[in-house]
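Enquirer: What shape does this take:
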Amino acid sequence: MEYLATVSESVRFENDPLIRQYNLADVQRNRVSFALNWLLFNPLSIGFNGHYNQDNYDQSELGLTFADSFSGTVDLNYAIHEGLNLYRFYTYEYFQNEQDGYTRFTNIGLENRNPEQFWSVDTRDKINTVGVGVDWSVIRSLLDLQLDYSYSNALTETATEQGSKLNGEPLPDLKTILHSLNVRANYRFQENWRIQLSYRYEFFVTDDYALDNISPDSIDDVLSLGNTSPDYNAQVVGLSAIYEF
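Expert: Alright, predicted model coming up:
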């Protein structure tokens, strides 16, 4: 406090003094986890697992004030016969973050804040992922193959509220899609040694309003890099030698 008294009020705070960094702020956390495996009949099994987290930053006036998340997976495994298994899964993930802020036009008079300059943001992420795969022992103890494919679709929704002195616009949704294909072949040429040949393909596409159609000078007083959403096609081939102790 003695030091602050020596600093001009107009330049006293680079960041709002009411903001609490979420990783340092007081938080009340609740967590629930669950898991269930069920053998329906001899070759078919089903599993459920997931968790729910809730974080309440009840001592924070500005910054992150609330966060919760949920992740749940159901998976099926079907053993067609010895050495050949089919499996599939579905995962749903949900994330919510609430944060409050205050737009300062000056550092002076922060002890008497204008209620029309407060704002809040509620962000919700919903992710759906499905996958299917097969494990096949082509030649027992000598050659086996694995193949799996997954598809993920993510949607981010952002709701905002702001005081009458702020000129905020509704934010569009952010969308992401990912396709992933993996193929692996393992050849055991000695008891403790095997060679693995692998191939991976990914197709990734995003629709991000914060990057798309934004040039370096699109935003007043902000110089951006002019990047675009990171869409890509990628293929990777790998060869590994694996020794088992």
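Enquirer: contacts, neighbours, all on C-alpha from now
Expert: Noted.
Enquirer: which strand of the chain spans the most residues?
Expert: The residue-count maximum for a strand in the chain (DSSP state E) belongs to strand 118-139.
Enquirer: Pull up the pairing partners for that one, direction included.
Expert: Strand 118-139 has the following strand partners under DSSP bridges: strand 84-102 (antiparallel), strand 143-162 (antiparallel).
Enquirer: centre of the chain versus the shortest one, how much separation?
Expert: It refers to strand 84-102. Centroid separation between strand 84-102 and its chain, computed with Cα atoms, centre = their mean, to the nearest Å, is 7 Å.
Enquirer: Please enumerate the helices of the protein.
Expert: With helices called from DSSP state H, the chain shows them at 2-5.
Enquirer: before we move on, the earlier item: tell me how far the longest strand of the chain lies from the chain's centre.
Expert: Centroid displacement of strand 118-139 relative to its chain, using Cα atoms, centre = their mean, is 9 Å.
Enquirer: Output that strand as PDB - backbone C-alpha positions only.
Expert: Output in PDB follows, covering the C-alpha atoms of strand 118-139 (Å, rounded to 0.1, in the frame of the first residue of the first chain):
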ATOM      1  CA  PHE A 118     -19.400  -5.100 -16.200                       C
ATOM      2  CA  TRP A 119     -19.700  -8.000 -18.500                       C
ATOM      3  CA  SER A 120     -19.900 -11.800 -18.300                       C
ATOM      4  CA  VAL A 121     -19.200 -14.700 -20.600                       C
ATOM      5  CA  ASP A 122     -20.600 -18.300 -20.400                       C
ATOM      6  CA  THR A 123     -18.700 -20.800 -22.600                       C
ATOM      7  CA  ARG A 124     -20.000 -24.300 -23.300                       C
ATOM      8  CA  ASP A 125     -18.100 -27.000 -25.200                       C
ATOM      9  CA  LYS A 126     -19.900 -30.200 -26.300                       C
ATOM     10  CA  ILE A 127     -17.800 -33.000 -27.900                       C
ATOM     11  CA  ASN A 128     -19.200 -36.200 -29.400                       C
ATOM     12  CA  THR A 129     -16.700 -38.900 -30.300                       C
ATOM     13  CA  VAL A 130     -17.400 -42.300 -31.800                       C
ATOM     14  CA  GLY A 131     -14.900 -45.100 -32.700                       C
ATOM     15  CA  VAL A 132     -14.700 -48.600 -34.000                       C
ATOM     16  CA  GLY A 133     -11.800 -51.000 -34.200                       C
ATOM     17  CA  VAL A 134     -10.600 -54.600 -34.600                       C
ATOM     18  CA  ASP A 135      -7.800 -56.600 -33.000                       C
ATOM     19  CA  TRP A 136      -6.800 -59.700 -35.100                       C
ATOM     20  CA  SER A 137      -4.200 -62.300 -34.300                       C
ATOM     21  CA  VAL A 138      -3.500 -63.400 -37.900                       C
ATOM     22  CA  ILE A 139      -0.800 -65.900 -36.900                       C
END
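Enquirer: Tell me the buried residues in that strand?
Expert: Residues of strand 118-139 classed as buried by neighbour count (16 or more other Cα atoms under 10 Å): 118-122, 124-127, 129-137.
Enquirer: what ranges do the strands span in this protein?
Expert: Assigned by DSSP E, the chain shows strands spanning 28-41, 44-56, 63-81, 84-102, 118-139, 143-162, 174-188, 193-207, 232-243.
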